[in-house]
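J.: Need coordinates for the following:
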Amino acid sequence: MTAGSLETLVKTSLYAVAPDLENEPLDPDLPFSEQFEFDSMDFLNFVMGLHKATGLDLPEKDYPRLTSLASAIAYLTEKLAAKPTEKPHA
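T.: As a prediction, the model looks like this:
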């Protein structure tokens, strides 16, 4: 996935939880919770959306890396690069 497609994926997951934010300015480096009302349940739903969209295991210890647009994109880029590719069955 490209950085642009990951940005779209993160924003789509964010807007699925908080659709009213779709037309709001989003600072990529500022934590979501500092930009708008985004409580812990919203955050968990956001993480679950990312998990469903990517199929990646997103352990709770890594949640702090998903708190802003830029950090979420960087984290997902790293996780996707480390994900083993499936080999075809013989």
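
J.: does the residue nearest the centre of the chain sit in a helix or strand, and which one?
T.: Centroid check for the chain by CA atoms, centre = their mean gives residue 10 as the closest residue, at 4.2 Å. Using DSSP states H and E, residue 10 maps to helix 3-17.

J.: What's the first helix or strand after that helix?
T.: Sequence order places helix 32-35 as the next helix or strand after helix 3-17, per DSSP H and E.

J.: So which bits of whatever helix or strand residue 41 lives in are buried?
T.: Using DSSP H and E, residue 41 sits in helix 40-54. By 16 or more other CB atoms under 10 Å, the buried positions in helix 40-54 come out as 42, 43, 45, 46, 47, 49, 50, 54. Any C-beta I mention is one placed from the backbone N, CA and C, and that applies to glycine too.

J.: re the thing from before, averaged pLDDT, the helix holding residue 10. What do you get?
T.: For helix 3-17, mean pLDDT is 92.

J.: Tell me the helices and strands packed up against it.
T.: Applying 3 or more CB pairs under 8 Å, 6 or more residues apart in numbering; DSSP states H and E, we find helix 3-17 packed against helix 40-54, helix 69-82.

J.: who's in contact with it?
T.: 1, 21-22, 26, 32, 42, 45-46, 49-50, 53-54, 69, 72-73, 76-77, 80 (CB atoms under 8 Å, 6 or more residues apart in numbering).

J.: how about a cut-off of 7 Å?
T.: Helix 3-17 has contacts (CB atoms under 7 Å, 6 or more residues apart in numbering) with 21-22, 42, 45-46, 49-50, 53, 69, 72-73, 76-77.

J.: Just want the angle from it to helix 40-54.
T.: 140 degrees (axes from the mean of the first three to the mean of the last three CA atoms, to 10 degrees).
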